[in-house]
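Participant: Got a predicted structure here, sequence first:
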Amino acid sequence: MNEHLPVCVALQEMLLKPSCTSNIRGYSILRKDCNTGERACGGVALLINHSTPFSPVLIRMSLQAVAVQVSIFSTVTICNVYLPPNAPLNFRELQELIDQLPSPFILLGDFNAHHLLWGCQDVNSRGKVVEKLLTELDLTLLNNGSNTYFHSPTQSFSAIDLSICSPSLLLDLTWSVLRNPLGSDHFPVVISYATPIACATLRQPRWKFDQADWETFRTQADITKDMVSFASIDEACSLYVDDVQISYSSKFFNVAERQIQTTINNFTKWAEQNGFVFSTEKTVSVVFSRKRGIFPNPELFIGRSLIKAVKEFKFLGLIFDQSLRFHRHLKDLKIRSTKALNILKVLANTRWGADRTSLLRLYRALIRSKLDYGSVVYSSACKSLLKILDPVHHQGLRLCLGAFRTSPVESLYAEAYEPPLDLRR
């Protein structure tokens, strides 16, 4: 606290009874306790610095949540929420909570929600509810994929502490996790303003143009960085990188292994004659087959180094798995495209945002280009798996057009002159 001097501190799982008083010097405290019988459980609290003007926001619902409006550079609503892991959670409850928060707001707390979108290794029902909340209400997520929680029984890390904000705040805030848990199983999360607002009382700079050496200025302005900083010829040649793949199809494993090893030997010989070196650390082998059963790892060598056998690898931006079902690639593509939608959420403001034409151009350049890349390859995946990309396409068009969430997707296609994704593949 003394190191960071926070304006506001959000605490979850306080485990305090209503009769227990708590005072922290220099801070005002807003609490909401939770008791099960005579035992204290959960509970949330907000600590607000005495030097910061604030006003409480009344939350009329049973969720463990407390909110306050603080005046920093502008008025911002901060809401702290704790969602116990065993309590049921539905989308309507979170939507009702959001509706009670004055904009712009920051919603943060322990959601106990797992999803690949914010760095977890699995997805649970809560994660799907939060993902739907971000999509349906056009909210932005501050998490950058860092772990925020350590589960001692399984010795595993996860990211269950989420920070959600209004799109108008996304560019003003930075999000980071401290490496010191301070005796807790949760790592502290620090949210701060990226750039402080300039003070109006600062003196404007004055330049002595009459004393400027314009001849030297013109000479140095014509010199680029590439003219004075460059690599040697040997270093530049050693940094040359290219992606190469060798494949062979056969019903017999030994035949394919022998043919590929012969090709590798020829490649290695050619590389030695022309001064190239293949990186054995970055070279991998994968057995592609949709047949059931266990296949042995191929024993392939570059010189005397054994090539590592893996179940999937990324080649030219596409993740190829052993069965060529592209399950991992499509999930990764959805996460990257969803994060890119945050730019549209910021710019699609109804009062000062960009116009429809500009937003559609941004969508086609930043999001649709990701969905189109490699679609000729991954279009062989099953239809049910390909459909996970449709919500990204629909949300992007809805943001560009300013359409309602209930607008039929067919009308979005017609208004934006955009076909469905299955016709673009």
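Facilitator: Cool, the structure landed. Numbering: from 1, shown residues only.
Participant: where do the helices sit along the stretch 101-250 of the chain?
Facilitator: 125-136, 214-221, 225-228, 233-238 (DSSP state H, counting those that start in this stretch).
Participant: Least reliable of those by average pLDDT, please.
Facilitator: Mean pLDDT across the helices of the stretch 101-250 of the chain is lowest at helix 233-238; the value there is a mean of 57.
Participant: show me the contacts for residue 24.
Facilitator: By Cβ atoms under 8 Å, 6 or more residues apart in numbering, the contact list for residue 24 reads residue 47. The way it works is simple: take the backbone N, C-alpha and C, and place the C-beta from them, glycine included.
Participant: beta partners of it?
Facilitator: Beta-bridge partners recorded for residue 24 (DSSP bridges): residue 27.
Participant: how close does it sit to residue 48?
Facilitator: Distance from residue 24 to residue 48, counting by Cβ to Cβ, to the nearest Å: 10 Å.
Participant: which regions of the stretch 1-150 of the chain sit below the pLDDT cut-off?
Facilitator: By pLDDT under 70, the low-scoring segments of the stretch 1-150 of the chain are 1-2, 18-19, 35-41.
Participant: And the strands in it?
Facilitator: Shown for the stretch 1-150 of the chain, the strands assigned by DSSP state E, counting those that start in this stretch span residues 8-12, 27-32, 35-36, 39-40, 44-49, 54-57, 64-71, 75-82, 105-110, 140-141, 149-151.
Participant: To residue 116, which of these lies closest?
Facilitator: For residue 116, the closest of the strands of the stretch 1-150 of the chain is strand 140-141, at 12.2 Å, according to Cβ to Cβ.
Participant: For that closest one, name the packing helices and strands.
Facilitator: Strand 140-141 is packed against strand 161-165, helix 327-347, with contacts defined by 3 or more Cβ pairs under 8 Å, 6 or more residues apart in numbering; DSSP states H and E.
Participant: Could I get these in CSV, plus columns for mean pLDDT and distance to residue 147?
Facilitator: Listed next are the helices and strands packed on strand 140-141 as CSV, based on pLDDT from 0 to 100; distance: least, Cβ to Cβ, whole Å:
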stretch, mean pLDDT, distance to residue 147
strand 161-165, 94, 9
helix 327-347, 92, 16
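Participant: so of these, which one's packed in deepest?
Facilitator: Stretch with highest mean neighbour count among the helices and strands packed on strand 140-141: strand 161-165 (a mean of 23; mean count of other Cβ atoms under 10 Å).
Participant: What strands line up against it, and which way round?
Facilitator: strand 105-110 (antiparallel), strand 140-141 (antiparallel).
Participant: Now tabulate those in TSV and tack on distance to residue 301 and mean neighbour count.
Facilitator: TSV is the format used below for these (distance: least, Cβ to Cβ, whole Å; neighbours: other Cβ atoms under 10 Å):
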stretch	distance to residue 301	mean neighbour count
strand 105-110	50	23
strand 140-141	45	21
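Participant: Reformat the ones you listed as CSV; add distance to residue 164.
Facilitator: Shown next, in CSV, are these (distance: least, Cβ to Cβ, whole Å):
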stretch, distance to residue 164
strand 105-110, 4
strand 140-141, 6
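Participant: Looking at these, which is nearest to residue 382?
Facilitator: For residue 382, the closest of the strands paired with strand 161-165 is strand 140-141, at 28.4 Å, according to Cβ to Cβ.
Participant: Distance from the chain centre to the closest one, please.
Facilitator: In this view, strand 140-141 has its centroid 9 Å away from the chain centroid, taken as Cα atoms, centre = their mean, to the nearest Å.
Participant: Likewise for stretch 274-283?
Facilitator: 33 Å.
Participant: Show the average pLDDT along it.
Facilitator: Stretch 274-283 carries an average pLDDT of 83.
Participant: now swap in stretch 253-261 and tell me
Facilitator: pLDDT averaged over stretch 253-261 gives 91.
Participant: Tell me which residues are up against it.
Facilitator: Contact with stretch 253-261 is made by 246-250, 285, 287, 295-296, 298-301, as judged by Cβ under 8 Å, 6+ apart.
Participant: okay if I get the strands of the stretch 1-150 of the chain as JSON lines plus distance to residue 385?
Facilitator: Shown next, in JSON lines, are the strands of the stretch 1-150 of the chain (distance: least, Cβ to Cβ, whole Å):
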{"stretch": "strand 8-12", "distance to residue 385": "36"}
{"stretch": "strand 27-32", "distance to residue 385": "42"}
{"stretch": "strand 35-36", "distance to residue 385": "42"}
{"stretch": "strand 39-40", "distance to residue 385": "45"}
{"stretch": "strand 44-49", "distance to residue 385": "39"}
{"stretch": "strand 54-57", "distance to residue 385": "42"}
{"stretch": "strand 64-71", "distance to residue 385": "36"}
{"stretch": "strand 75-82", "distance to residue 385": "33"}
{"stretch": "strand 105-110", "distance to residue 385": "31"}
{"stretch": "strand 140-141", "distance to residue 385": "24"}
{"stretch": "strand 149-151", "distance to residue 385": "30"}
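Participant: So for residue 326, which of those sits nearest?
Facilitator: Set against residue 326 and scored by Cβ to Cβ, those come closest in strand 140-141, at 25.0 Å.
Participant: For the closest one, give me every contacting residue.
Facilitator: With Cβ under 8 Å, 6+ apart, strand 140-141 has contacts from 117-118, 134, 162-167, 169-170, 342, 345-346.
Participant: hmm, 10 Å instead?
Facilitator: Strand 140-141 has contacts (Cβ atoms under 10 Å, 6 or more residues apart in numbering) with 115, 117-118, 130-131, 133-134, 162-171, 173, 175, 338-339, 341-343, 345-346.
Participant: just stretch 281-292 next, same as before
Facilitator: Under the criterion Cβ under 10 Å, 6+ apart, residues 241, 243-247, 249, 251, 253, 256-257, 260, 264, 295-300, 302, 305-315, 320-325 lie in contact with stretch 281-292.
Participant: out of those, which are inside helices?
Facilitator: Those of the contacts of stretch 281-292 mapping onto helices are 253, 256-257, 260, 264, per DSSP state H.
Participant: Just the buried residues of those residues.
Facilitator: Listed as buried from these are 256-257, 260, 264; burial here means 16 or more other Cβ atoms under 10 Å.
Participant: and those as JSON lines, adding distance to residue 278?
Facilitator: Output for those, formatted as JSON lines (distance: Cβ to Cβ, whole Å):
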{"residue": "256", "distance to residue 278": "20"}
{"residue": "257", "distance to residue 278": "18"}
{"residue": "260", "distance to residue 278": "14"}
{"residue": "264", "distance to residue 278": "9"}
